[in-house]
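Asks: model this:
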Amino acid sequence: MSSPWEQIPLFTLPDTAPATPPESAEKDGSPNATDSAGVTDESGWEPTVATHPELHEQGDADSHEQGDAESDEQGNVAETPTDPESPEPASADADSNVAGSGAVVPPVWEALPAGEAADGHALIVTAAGTYTPSGKELTGPVDCLEKLDKLIRWASLTPLGAPAQIWVVGLAACELLGWVIDPGSEDDVDDMEALRTRAASELTATLHATLPPLLDAGWELRGEPGHVVHLSRTIGNFTSMVDVVIEPYVWTYWNKDFGWHNRVGDMGVLGSPAAGTYLPDDDLPAARELGRRLAWCAQHLGVLPGPTPARTGAAILDKIKRERTRSGKGIVVTTAGPVPPLDGAPRGDLEPAVGWTRVPETSDLEDACRLVSIDQRAAYLASAGMLELGYGQPKHLTGGAAAAAASGEKGAPFGLWRITLPAGQTLSLPEKLPLPHPHMLADQPVQTWVTSVSIDGLCAPVADGGIGADLDDLDITEAWVYPQQGRVLDKWAKILREARKTAVDTADAAMKGFIGSCYKGYIGRMVNPDMWTATRMQHHHQPLWRASIIAHCRWRGRRVAMRIAREHHRWPVRTVTDSWVYLLPNGQDIADPSEALGKMTVEKDVALTNTRLASMASAADVHEVNLAIKAAFTDDELSEEDD
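Replies: Numbers count the residues shown, from 1 in each chain. Alright, predicted model coming up:
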């Protein structure tokens with residue numbers, strides 16, 4: 001195989017070309033190799049998440065993206081012997097999975113076969129040689145930058161929602177290329193951020209010192225090199241782009257949305273050390289598993305993984321956008337949707353997630369034997385696919401025109417509305433639930449801005465979680481109404497929903513976790529314009545979409561809480577975002593029987609020992625209740641680890 005512009009003899013080239021030829025850029029909906037959804041340096045690549053340098057050490061981690069605390073249940077990963085028919089990289093030692101560690105049984109997902117969907121779009125480099133993601137050996141070791149240049153040009157990889165990728169796996173492969181850093185020990189610093197900063201700076205300096213052979217060969221850097229080296233090369237009208245991802249140094253870019261302070265965080269498609277889904281320790285098994293994940297993304301998401309899960313979510317939507325633009329069918333949003341100038345804008349989120357606790361009453365504790373937490377299954381993903389979201393230039397309305405605009409046949413059209421929330425104590429509301437809207441106060445009315453989702457929620461009957469308001473009761477005085485609306489994210493949500501189901505059905509905890517990070521990360525990033533500064537990426541800045549999704553999940557959870565009270569006569573003692581905590585007797589099941597997204601599933605279920613029950617009964621305030629709940633769930637997790 002040769003590049004489009006020249007024939008290059010490749011070092012230790014096998015007699016046959018790669019079995020799977022690169023797919024054309026047109027198959028990805030890109031007219032040429034540069035049309036990869038705004039992934040050049042101007043697209044504002046954000047650093048891939050970084051974590052603890054001891055990549056395979058277990059630790060405590062925050063599993064949520066900033067601005068999106070939606071919980072997502074963790075499936076129990078069964079263990080099974082490696083499938084003998086699963087393809088391994090050529091020349092790999094068949095016993096490498098267990099070398100030095102006895103008869104270690106790998107998790108289910110490590111035994112799943114690697115597909116060929118990423119072949120022609122990505123390559124994997126180890127100290128032993130280079131491989132396609134499907135595991136076919138291509139060359140011997142890449143021990144200098146000149147050989148890396150030859151490999152990239154010979155492979156002629158094409159983009160797939162992101163630039164073509166070369167993954168360098170293992171420190172030994174990095175040493176061959178001179179990419180060695182010594183940032184010091186974590187024991188020598190008080191804050192891991194200091195170590196990360198030092199390592200990132202040293203890595204950039206090392207790359208600048210070693211990259212001249214690539215630059216002399218005609219490659220250009222897009223942005224500062226780090227754990228990802230963004231390369232491009234233009235000959236005539238053809239521009240080739242490739243990202244070299246240095247796997248051992250991903251941790252040098254600490255993304256606080258995944259790892260906080262000294263916690264071990266999530267690293268996108270590479271997995272999470274804390275969740276036990278990071279790549280295997282040994283290089284060849286790690287390369288094999290990485291190849292499987294790259295192929296999985298290409299097959300089930302239609303794109304290569306981006307530098308963060310949020311960018312992967314954006315790449316999926318951009319691919320849909322290109323397809324719809326070409327076909328002329330479906331909604332295409334090309335502009336950002338920033339928050340309009342609001343008079344009296346609320347501090348913080350337009351639609352905050354709920355956080356509430358109450359002190360249990362004697363009746364709550366009388367027959368309680370279990371502490372149960374339920375939450376919505378993939379809540380944000382479910383809402384994203386259901387909602388009609390607005391786009392275009394919003395129209396500003398005031399007075400009677402604003403109030404009249406809310407009276408749509410299908411409810412209030414997509415927009416923002418300045419309303420007055422009545423004082424909670426003036427309404428006939430359940431005492432054992434939080435107030436219906438986070439901005440509502442018990443003793444006085446509050447004028448605030450809400451999304452159309454909250455307008456509909458407030459107008460719902462009390463039995464369905466609302467306040468039974470008429471539009472006149474809300475005293476709408478001002479609005480920003482969008483001219484167009486529709487299910488913009490329906491296909492995006494469908495792709496992620498089906499991919500998630502595949503991961504669940506195959507006990508693929510690594511990719512299930514990655515899918516969760518993709519949709520949560522992307523929805524969380526909608527609020528921040530700094531994430532989407534490039535012209536071709538600005539349409540991802542959609543804070544009102546995010547606010548509507550959060551509001552939809554919140555109202556749906558409240559409706560479920562009312563149903564549980566009606567059917568089971570039980571009230572929650574705590575709720576955070578889409579999670580609700582109940583004191584229950586044995587044998588009572590309050591979860592939804594349906595496995596559909598958005599339905600309530602049991603997150604945690606622990607027995608209330610006499611000590612735990614006494615802690616709940618003696619709690620004097622909500623702080624002590626929160627401590628008792630946290631202690632019960634934490635003690636249960638520790639006891640499971642001991643088992």
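Asks: low-confidence ranges in the stretch 201-350 of the chain?
Replies: Scanning the stretch 201-350 of the chain for pLDDT under 70 picks out 254-265.
Asks: OK, contacts around the closest residue in space to H540 that isn't next to it in sequence?
Replies: Excluding the flanking residues, the one nearest H540 by C-beta to C-beta, 6 or more residues apart in numbering is W532, at 4.5 Å. Yep, even glycine has a C-beta here, placed from its N, CA and C like the rest. By C-beta atoms under 8 Å, 6 or more residues apart in numbering, W532 lies in contact with G44, A336, R525, Q538, H539, H540, H541.
Asks: check what pLDDT the fourth one gets.
Replies: Same thing as Q538. Note on Q538: pLDDT of 95.
Asks: ok but it is inside a helix, no?
Replies: Yes: remark: Q538 belongs to a helix, assigned using DSSP: H, G, I helix; E, B strand; the rest coil.
Asks: near it, how many other residues are there?
Replies: Residues lying near Q538 (other C-beta atoms under 10 Å) number 18.
Asks: ditto for the second one
Replies: The number of residues packed around A336, counting by other C-beta under 10 Å, is 16.
Asks: likewise for the last one?
Replies: Number of residues near H541 (other C-beta under 10 Å) recorded here: 22.
Asks: what do you get for G236?
Replies: By the criterion of other C-beta under 10 Å, G236 has 7 neighbours.
Asks: that one and W219, how far apart?
Replies: Using C-beta to C-beta, to the nearest Å, G236 is found at 16 Å from W219.
Asks: repeat for A423
Replies: Relative to W219, and taking C-beta to C-beta, A423 is found at 65 Å.
Asks: same check on A298?
Replies: Applying C-beta to C-beta, the value for A298 to W219 is 24 Å.
Asks: low pLDDT regions in this protein?
Replies: Along the chain, the model assigns pLDDT under 70 to residues 1-104, 186-187, 189, 254-265, 636-643.
Asks: please say which of A423 and W219 ends up with more neighbours.
Replies: Set A423 next to W219 and count neighbours by other C-beta under 10 Å: W219 wins out with 24 against 15.
Asks: the more buried one contacts V229, correct?
Replies: No: counting by C-beta atoms under 8 Å, W219 does not reach V229; the two are 9.3 Å apart.
Asks: can you give me the helices in the stretch 201-350 of the chain?
Replies: 212-216, 283-300, 309-327 (DSSP state H, counting those that start in this stretch).
Asks: and those helices, which is most packed in?
Replies: The highest mean neighbour count among these, using mean count of other C-beta atoms under 10 Å, belongs to helix 283-300: a mean of 25.
Asks: for T126, which residues are in contact?
Replies: Going by C-beta under 8 Å, 6+ apart, T126 touches P89, V169, G170, A172, A173, D283, L284, A287.
Asks: R292 now?
Replies: L112, P113, A114, G115, P133.
Asks: most centrally placed residue in this protein?
Replies: With distances taken as C-alpha atoms, centre = their mean, S517 lies nearest the centre of the chain, 1.9 Å away.
Asks: tell me the phi and psi of it?
Replies: Per-residue torsions, S517: phi -70, psi -30 (degrees, to the nearest 10).
Asks: that one and L270 touch, don't they?
Replies: No: in this structure S517 lies outside contact range of L270 using C-beta under 8 Å: 11.1 Å.
Asks: tell me the SS of Y519?
Replies: helix.
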